[in-house]
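Peer 1: task: produce atomic coordinates for the following.
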Amino acid sequence: MQLSQAFAVVLLMGLQLSEVAASCSFNQPQRHCSCSLLDQDKLGNLFQCFSASVLELRGGNLEQFAGFASISVDESVIGILKMLNVTKIVFGDLLVPEVLVAAVMKFMPYMRLTELQFDNCTFLGKASWLPMDRVILPVSSLRFHKVTSSSLADRGQDFSYLSSWLESLRDLTVTQSQVPYIPCSMGKVFRTLRYLDVSENRLQDQSMGPSFCPGAFPQLQVLKLRHNNLSSFLATCETLHQLEELGHLDLSQNGLLAVPSSSCEWQPSLRILNLSATGLEHVPRPLPPSLEVLDKLFLSNNRLRAVPSPQNYPAVEALSLDGNLISCLPRGELRALRHLQSLWAGGNLYNCSCAGACELPALASRGPLVPDWPQDYRCAAPPRHRGALLKDALAAELQCSTAGAMAPVSVLLLSCLAGTLCLAQIRAWLG
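Peer 2: All right, here's what the predicted structure looks like:
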């Protein structure tokens, strides 16, 4: 097998270079090679990608090349594979027979590949994964975005053949792929997975139990469930409680119904909790019992009318409250957050009257820690200040403070004057 043929086998899942038309561009500083398989005007020039560390292949229907899946890996090919610098391959906008995916994976144990990504791909048919039994791949990060394939419900045997590799996988992303649930048997295969992103799918409360059954994802640390169909804060808490290593949970953009309090307790390992855009009118309790170490709490774009009590998160370092219905930021509650480093609180309905404005210096004093200040802080009341920047209302607040401070002094002076006049009048009567 010629060098050009062997390299093409690696890059195009067994396809021979002489039979594939591709237009490639190589970014030398980034060592990124991008190839379009739709350009039929040029001969294949994949060979320039030999020194790339990131290879991107986009556009085309690979059904016609399904026959090349039978190409075997011989010693000459292994030598070439070990010379390649490719650490990441991205397949995009492709129709891919699953047998070709299985074929290319035969080559991966001999490569330096650590990341594999599929964007907007359709996997056709089913392949036999028996040849991958007990094969360990160097790929530790696997990403699927907007992909379609046959149902995973009856693929338990296939995943068992891939278990030697999947057991060592660290990062898995499956987004915008219409996933309704994760089979329990599949979750148990990912024994060392640390990062799982299944955002923008179709997970529901009733599918959370099978997806995160006991024994599934035992070492998971980061879980992103953004923009699914979850509705119960309590049910989510109860389902995910068994993830003992979970430290970062993203539930944003789910329509969560939270009861004021519940018996479910979050795992003490949780440090980052994102509840943005979930429709919450109050912060559900209990929050994680590890309140003293909760680093980041995201509550943006909800319907909160008041700042949640800092007793719920005394050690928080990053707090987002922007896009709610909060009318003021109480001075005492802000000062109670002694570890606060970043605060987002713009886009609220601030009351810039005297009563409200007198509480605003606590916000202004933290200006360097408020990334969206001052442009996102505007007055909603009273009518004379509506739409004005909150910082412009600080002058009125200063006048309020001055008037408030002078009022008791004036009362005291008037009292003293009245007392003096009364005393003089009494002495005059007695004299």
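Peer 1: ok, P310 - contacts?
Peer 2: Neighbouring residues of P310 by CB atoms under 8 Å, 6 or more residues apart in numbering: 316, 333, 336-337. Bear in mind the C-beta positions are built from the backbone N, C-alpha and C, glycine included.
Peer 1: same check, this time on G346
Peer 2: Taking CB under 8 Å, 6+ apart, we find G346 in contact with 322-323, 372-373, 375-377.
Peer 1: and the furthest pair within those?
Peer 2: Spatially, the most separated pair among these is G323 and W373, at 14.9 Å (CB to CB).
Peer 1: count the residues that sit near the closest residue to T278 other than its chain neighbours.
Peer 2: Leaving aside its sequence neighbours, T278 sits nearest to L256 (CB to CB, 6 or more residues apart in numbering; 4.3 Å). Residues near L256, counting by other CB atoms under 10 Å, number 22.
Peer 1: P308 reaches L299, doesn't it?
Peer 2: Yes. Because the distance of 7.3 Å satisfies CB atoms under 8 Å, P308 is recorded as touching L299.
Peer 1: ranges for the helices of the stretch 251-400 of the chain?
Peer 2: Using DSSP state H, counting those that start in this stretch, the helices assigned to the stretch 251-400 of the chain run over residues 331-336, 354-357, 361-364, 394-430.
Peer 1: average pLDDT for the longest one, rounded please.
Peer 2: Mean pLDDT, taken over the full extent of helix 394-430, equals 53.
Peer 1: need the residues that contact the top strand by length along the chain.
Peer 2: Longest strand in the chain by number of residues (criterion: DSSP state E): strand 88-97. Residues from elsewhere that reach strand 88-97, judged by CB under 8 Å, 6+ apart: 11, 13, 37, 53-63, 66, 69, 113-125, 127.
Peer 1: 7 Å - rerun?
Peer 2: 53-63, 66, 113-125 (CB atoms under 7 Å, 6 or more residues apart in numbering).
Peer 1: which of the residues you listed count as buried?
Peer 2: Among these, those buried by neighbour count (16 or more other CB atoms under 10 Å) are 54-58, 60, 62, 66, 113, 115-121, 123-124.
Peer 1: now do the buried residues in stretch 345-353.
Peer 2: 345-348, 350-353.
Peer 1: of these, closest to A388?
Peer 2: Closest to A388 out of those is C352 (7.0 Å), distances taken as CB to CB.
Peer 1: wait, the closest one sits on H385?
Peer 2: Yes. Between C352 and H385 there is a contact under CB atoms under 7 Å: 4.3 Å.
Peer 1: overlap of the contact sets of those two?
Peer 2: Shared contacts of C352 and H385, defined by CB under 7 Å, 6+ apart, comprise 379, 393.
Peer 1: and the helices in the stretch 51-200 of the chain?
Peer 2: Going by DSSP H, counting those that start in this stretch, the stretch 51-200 of the chain shows helices at 75-81, 98-104, 156-161, 163-166, 184-189.
Peer 1: mean pLDDT, mean neighbour count and distance to D205 added to those, as CSV?
Peer 2: Shown next, in CSV, are these (pLDDT from 0 to 100; neighbours: other CB atoms under 10 Å; distance: least, CB to CB, whole Å):
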stretch, mean pLDDT, mean neighbour count, distance to D205
helix 75-81, 82, 15, 46
helix 98-104, 89, 22, 32
helix 156-161, 84, 16, 24
helix 163-166, 92, 19, 27
helix 184-189, 92, 19, 16
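Peer 1: hang on, the earlier thing: any idea of the mean pLDDT for the longest strand of the chain?
Peer 2: 94.
Peer 1: just the buried residues of it, please?
Peer 2: Buried-residue list, strand 88-97, by 16+ other CB under 10 Å: 88-94, 96-97.
Peer 1: and of those residues, the nearest to F47?
Peer 2: Closest to F47 out of the buried residues of strand 88-97 is I89 (16.2 Å), distances taken as CB to CB.
Peer 1: what is the closest one paired to in the beta sheet?
Peer 2: On the basis of DSSP bridges, I89 is bridged to L55, L116.
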